[in-house]
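Enquirer: Quick check, what structure comes out for this input:
(one chain, ligands or ions: 1)
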Amino acid sequence: MRVTMVGSGYVGLVSGACFADFGHEVVCVDKDPAKIASLREGVMPIFEPGLAELVAHNVKAGRLSFSTELAPAVAEADAVFIAVGTPSRRGDGHADLSYVHAAAREIAGALTGYTVVVTKSTVPVGTGDEVERIIAGARPDADFAVVSNPEFLREGAAIDDFKRPDRIVVGTDDERAREAMAELYRPLYLNQAPILFTSRRTAELTKYAANAFLATKITFINEIADLCEATGADVQDVARGIGLDNRIGSKFLHAGPGYGGSCFPKDTLALIKTAQDFGAPTRIVETVAAVNESRKRAMGRRIVAACGGDVRGKTIAILGLTFKPNTDDLRDAPALAIIQTLQDAGAKVRAYDPEGMAHAKKILENVSFAEDAYDCVTGTDAVAIITEWNEFRALDLERVHGLMNHPVLVDLRNIYRREEVARYGFDYVAVGRQGTAKRRRAADRTPRTSTEADAPAGMAVSVAS
Ligand SMILES: NC(=O)c1ccc[n+]([C@@H]2O[C@H](COP(=O)([O-])OP(=O)(O)OC[C@H]3O[C@@H](n4cnc5c(N)ncnc54)[C@H](O)[C@@H]3O)[C@@H](O)[C@H]2O)c1
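Expert: Numbers count the residues shown, from 1 in each chain. Modelled structure (predicted):
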């Protein structure tokens, strides 16, 4: 089939390359000429493992090409995917649909013959209806169907997720569109990936419900981590103890600095707003978003507490800036709020990330950037691991200890074992587990009053110190 992707970012580019790999003829369109020029030269505008090879292979086979010209690519296509951004709208947190609507208008002008217009961007319930109105309004003669096909891939494992999805969700009432979508995904269907055909509105809502549920799971274990710290329990064992229950499952139960990234923060907010507008508020999700937001700064305060409560004039090393490993994406990364909190408290920040440095240099102010992890910790008063990149999992701790002014290690991803770190003489602070500092044993403490218990997680550690 002939496929056109409108928007060649993380989702459009990966989906386009994978559809080409299935044997379809794909044009990835983007209005950013620099992105298209770079793709034409074989240089990926994003970091995603395996993507450069997949793109090169399919370009060479003549199935994948790149263009800034939407009209000719749409005119030729059997299916046109809208994969543009849907960021939070400034001010109110609703999904900003201006890029989707603009894409729909452009597509309308170029349609020829029966075309399936597929919304892959994450969009609120009812957006498909609006896209249909826009196209029909601009081109009453056009023969088309608007389908919802939300994308569930994860950055860092995007190709594998696209090629081996847990499920494919397709929302449409149009029989021809359904057949076209089945044909597009046939190679996966043969691989037994379940395709869930449903209504367009159901498909749209399914995407938000999935992300809100995952965000809830993360936030739940983060609050349990705070309780573990207060009671002397170990959150990793609790997570394993509940995760082995098949009804719960072990994924997304890693306590940490709070969720970030290009999807969960904006999608939970958009769901909250949609639910309020429809008079069916999602109070659990409202709480999840609020708890997660306050957690990021609380993690900054945790680092301050680990430094004895005062970081004025001290230098803190930050290892990991991206919202998770194996991506260069810094959108809504917890590191951003943590760094701001440290700077507000008077600290100097030195940072290193394996893939996020280029983006970080554009958005972070007054941060000095290091060449590698060892360069980053040199002469610093504390080091905080914010993102669990593999290269931070096996640091030469003796060397790190020797390079630092003060050996304070704040491990916000729980990647080290306390005993191991203690051997090198670090003052170690983790999440939901006891650290190494000479602390009053949490288990000896009596329950706090409700006012104390409401204190942010970072403060709880200093209370326990
Ligand atoms: N990033 C993820 O992991 C992920 C996963 C699942 C779903 N999603 C959803 O997919 C959508 C896209 O996300 P992304 O991360 O790929 O965004 P992105 O910002 O990386 O890419 C969007 C691209 O669309 C281009 N664009 C915008 N308007 C255009 C137009 N009219 N014509 C041509 N190109 C245009 C932009 O230049 C940009 O390159 C969002 O709705 C997002 O929520 C993202």
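Enquirer: what's the distance between the residue in the stretch 201-350 of the chain that the ligand sits nearest to and residue 187?
Expert: For the stretch 201-350 of the chain, the residue closest to the ligand is residue 262, as judged by C-beta to the nearest ligand atom, at 4.6 Å. C-beta here means a position set from N, CA and C on the backbone, and glycine is covered the same way. Spatial separation of residue 262 from residue 187 under the definition C-beta to C-beta, to the nearest Å is 27 Å.
Enquirer: if you count what's nearby, which of those two comes out ahead?
Expert: Neighbours were counted for residue 262 and for residue 187 using other C-beta atoms under 10 Å; residue 262 has more, 22 against 15.
Enquirer: Tell me where the stretch 251-400 of the chain is predicted with low confidence.
Expert: Nowhere does the stretch 251-400 of the chain drop to pLDDT under 70.
Enquirer: so where do the helices sit in it?
Expert: Along the stretch 251-400 of the chain, counting by DSSP state H, counting those that start in this stretch, helices occupy 264-277, 283-306, 334-344, 357-363, 373-377, 390-393, 397-403.
Enquirer: now do the stretch 51-200 of the chain
Expert: Per DSSP H, counting those that start in this stretch, the stretch 51-200 of the chain has helices spanning 51-60, 70-76, 98-110, 127-138, 158-163, 175-184, 186-190, 200-231. These are given in chain order.
Enquirer: Between those helices, which one is closest to residue 301.
Expert: Comparing those by their distance to residue 301 (C-beta to C-beta), the top pick is helix 200-231, with 12.8 Å.
Enquirer: What is the helix or strand following that closest one packed up against?
Expert: Using DSSP states H and E, the next helix or strand after helix 200-231 towards the C-terminus is helix 235-243. Using 3 or more C-beta pairs under 8 Å, 6 or more residues apart in numbering; DSSP states H and E as the contact criterion, the secondary-structure elements in contact with helix 235-243 are helix 200-231.
Enquirer: How about the contacts made by the residue in the chain that the ligand sits nearest to?
Expert: Ranked by C-beta to the nearest ligand atom, the top residue of the chain for proximity to the ligand is residue 9, at 1.8 Å. With contacts defined as C-beta atoms under 8 Å, 6 or more residues apart in numbering, the neighbours of residue 9 are 30, 46, 83, 84, 85.
Enquirer: now do residue 202
Expert: Under the criterion of C-beta under 8 Å, 6+ apart, the neighbours of residue 202 are residue 171.
Enquirer: from memory residue 304 sits against residue 344, does it?
Expert: No. Because the distance of 9.7 Å does not satisfy C-beta atoms under 8 Å, residue 304 is recorded as not touching residue 344.
Enquirer: With neighbour numbers in mind, choose between those two.
Expert: The neighbour comparison of residue 304 against residue 344 (other C-beta under 10 Å) goes to residue 304, with 25 against 13.
Enquirer: Would you check how far apart that one and residue 382 are?
Expert: When distance is defined by C-beta to C-beta, residue 304 is 9 Å away from residue 382.
Enquirer: Then residue 292?
Expert: Distance from residue 292 to residue 382, by C-beta to C-beta: 24 Å.
Enquirer: So between those two, which is more surrounded?
Expert: For residue 292 versus residue 382, neighbours defined as other C-beta under 10 Å are more numerous around residue 382 (28 against 22).
Enquirer: Apart from its neighbours in sequence, what residue is nearest the residue sitting nearest the centre point of the chain?
Expert: Using C-alpha atoms, centre = their mean, the residue of the chain that lies closest to the mean C-alpha position is residue 261, 3.2 Å off. When the adjacent residues along the chain are set aside, residue 261 lies closest to residue 323, with 3.9 Å between them (C-beta to C-beta, 6 or more residues apart in numbering).
Enquirer: residues touching the one you found, list them.
Expert: If a contact means C-beta under 8 Å, 6+ apart, then residue 323 has 259, 260, 261, 262, 329, 330, 331, 332, 333, 334, 335, 387 as its contacts.
Enquirer: neighbours of the last one, just the number please.
Expert: It stands for residue 387. Counted with other C-beta under 10 Å, the neighbours of residue 387 add up to 27.
Enquirer: quick revisit: quick one: which of the helices of the stretch 251-400 of the chain is nearest residue 115?
Expert: Per C-beta to C-beta, nearest to residue 115 of those: helix 264-277, 27.4 Å.
Enquirer: I figured residue 261 hits residue 334, correct?
Expert: No. The criterion here is C-beta under 8 Å, and residue 261 misses it with residue 334 at 9.3 Å.
Enquirer: interface residues of the protein facing the ligand?
Expert: Within reach of the ligand by C-beta under 6 Å from any ligand atom, the chain has these residues: 6-12, 29-32, 35, 70, 83-86, 99, 102-103, 106, 121-122, 151, 153, 155, 262-263.
Enquirer: Is it possible to mark the buried ones in those?
Expert: 6-12, 29-31, 35, 70, 83-86, 99, 103, 106, 121-122, 151, 153, 155, 262-263 (16 or more other C-beta atoms under 10 Å).
Enquirer: Looking at those, which are in strands?
Expert: Taking DSSP state E, the ones among these that sit in strands are 6, 29.
Enquirer: Could you name the residue of this protein that is farthest from its center?
Expert: For the chain, the C-alpha farthest from the mean C-alpha position belongs to residue 141; by C-alpha atoms, centre = their mean, that distance is 40.0 Å.
Enquirer: separation between that one and residue 74?
Expert: As defined by C-beta to C-beta, residue 141 lies at a distance of 15 Å from residue 74.
Enquirer: Check residue 171 too.
Expert: Here the distance between residue 171 and residue 74 works out to 21 Å (C-beta to C-beta).
Enquirer: More neighbours: the two, which one.
Expert: Between residue 171 and residue 74, counted using other C-beta under 10 Å, the more crowded position is residue 171 (27 against 23).
Enquirer: what about that one, distance to residue 278?
Expert: Applying C-beta to C-beta to residue 171 and residue 278 gives a distance of 17 Å.
Enquirer: what's the neighbour count on the nearest residue to residue 87 once chain neighbours are set aside?
Expert: Here the nearest residue to residue 87 in space, its sequence neighbours aside, is residue 96; by C-beta to C-beta, 6+ apart that works out to 5.3 Å. Taking other C-beta under 10 Å as the criterion, the count of residues near residue 96 is 17.
Enquirer: all numbers from here: first residue = 25
Expert: All right, first residue 25 from here; so that's residue 120.
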